[in-house]
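>>> Just the structure for this:
(chains A, B, C and D)
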There are 2 protein chains.
Amino acid sequence: MAHSHDVPGDLTRNQGLVLGALNHSESPLSAYDILDKLRGDGLRAPLQIYRALDKLVERGLAHRLESLNAFVACADEHCHRKGLIAFAICEGCGKVDEFADSVIEERLGRWAGAKGFKVERTTMEIRGKCEACVAAA
Amino acid sequence: MAHSHDVPGDLTRNQGLVLGALNHSESPLSAYDILDKLRGDGLRAPLQIYRALDKLVERGLAHRLESLNAFVACADEHCHRKGLIAFAICEGCGKVDEFADSVIEERLGRWAGAKGFKVERTTMEIRGKCEACVAAA
DNA sequence: TGCCGCGATGTTATGCTATAACGTATTGAA
DNA sequence: TTCAATACGTTATAGCATAACATCGCGGCA
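Next up is the predicted model:
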């Protein structure tokens, strides 16, 4: 059967390599981290990575974490997520948890509606420590 | 009377200059933008700006916008804001609106509590177009 | 007074993140 | 075939951030 690291078949070679690198990582990777992992596959320039990342993010297969300048694979295998996604980033182990909350989405929509603000994109990132790292401390 | 660009008296010279630059700007400034504005005051190195920004952000007098790698002065003159703050950033005119929503804060707290995640800092940034820029388009 | 510690400052050098500008290759539709 | 659109490869450069080290100024305190 398919496992969680399967990838859509219509990606280009570079996109597939980049998404693969993200899927095999426990924590977010910067574009340069990804580049270093893919030098053995012939990739040499940052732009090759950034271009692939642009497409992946555009399709929702990867996410950019603004507060880290880094990227993660989407946690939802089939990428059904459409709306606002929140990320909880552990400063201890670096792992990222991804979740959605319709109430928050509704509140933001309400605020935007009242202000006449047209929302195009929202980033929500929580920094802190995950349960395991709190326990370990 | 005091006006909205007053500044706490216990800031150092560099901190005061940096906060002043932010207060006089309509839109967010990068550290290098600020540096350029303050060369006339004798500031020369990025680190002088970053050090001042660190203190200002720590005290809540300025905010960092992660999705822009830029900074704004806190919109609340007396800096009473303690909790989560959300920012709406207009891609048209660059202006930033700052607001708080206790319901969102409560939802995030609930999620964190359920997961055992210890929140240290949250960033929430909405990108889009403000009412004026939507109308102008 | 003189010593000390601490925080702010100044300066140089460097590292990390991201894109501009150009040319080539591949693909797919008319 | 021809054209347009998209991906790819490469070099150079722009933009954001911090390391490391020296100095200065001010308050506490013996």
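
>>> how much space between the most centrally placed residue in chain A and DNA strand D?
By CA atoms, centre = their mean, chain A has its centre lying nearest to A:H63, at 2.4 Å. As judged by CB to the nearest atom of the strand, to the nearest Å, A:H63 and DNA strand D stand 19 Å apart. All C-beta spots, glycine's among them, are computed from the backbone N, C-alpha and C.

>>> Which of the three states applies to that residue?
Secondary structure assignment for A:H63 (DSSP: H, G, I helix; E, B strand; the rest coil): strand.

>>> Toward the C-terminus, what is the element adjacent to the longest strand seen in chain A?
The residue-count maximum for a strand in chain A (DSSP state E) belongs to strand A:118-129. Helices and strands here follow DSSP states H and E; after strand A:118-129, the next one along the chain is helix A:131-136.

>>> still on that earlier bit, is any part of the longest strand of chain A close to chain B?
Yes - against chain B, strand A:118-129 shows contacts by CB under 8 Å from any CB of the partner chain at A:118-129.

>>> Would you mind listing what in chain A touches DNA strand C?
Residues of chain A found near DNA strand C (CB under 7 Å from any atom of the strand) are A:30-33, A:45-47, A:50, A:69-70.

>>> Name the member of those residues with the most neighbours.
A:A70 (22 neighbours; other CB atoms under 10 Å in any protein chain shown).

>>> wait, doesn't that residue sit right on A:P28?
Yes - in this structure, A:A70 is within contact of A:P28 by CB atoms under 8 Å, at 3.7 Å.

>>> Please name the nearest non-neighbouring residue to A:E120.
B:G128 (4.3 Å; CB to CB, 6 or more residues apart in numbering or on different chains).

>>> Give the burial count for that neighbour, as a bare number.
B:G128 has 18 nearby residues by other CB under 10 Å.

>>> And A:E131, by the same measure?
13.

>>> Distance-wise, check it relative to A:D97.
10 Å (CB to CB, to the nearest Å).

>>> Mutual contacts of those two, please.
Common contacts of A:E131 and A:D97, defined by CB atoms under 8 Å, 6 or more residues apart in numbering or on different chains, comprise B:115, B:117.

>>> any idea which helix or strand comes after the helix or strand hosting A:D36?
Per DSSP H and E, A:D36 falls inside helix A:31-38. Per DSSP H and E, helix A:31-38 leads on to helix A:46-58 as the next helix or strand towards the C-terminus.
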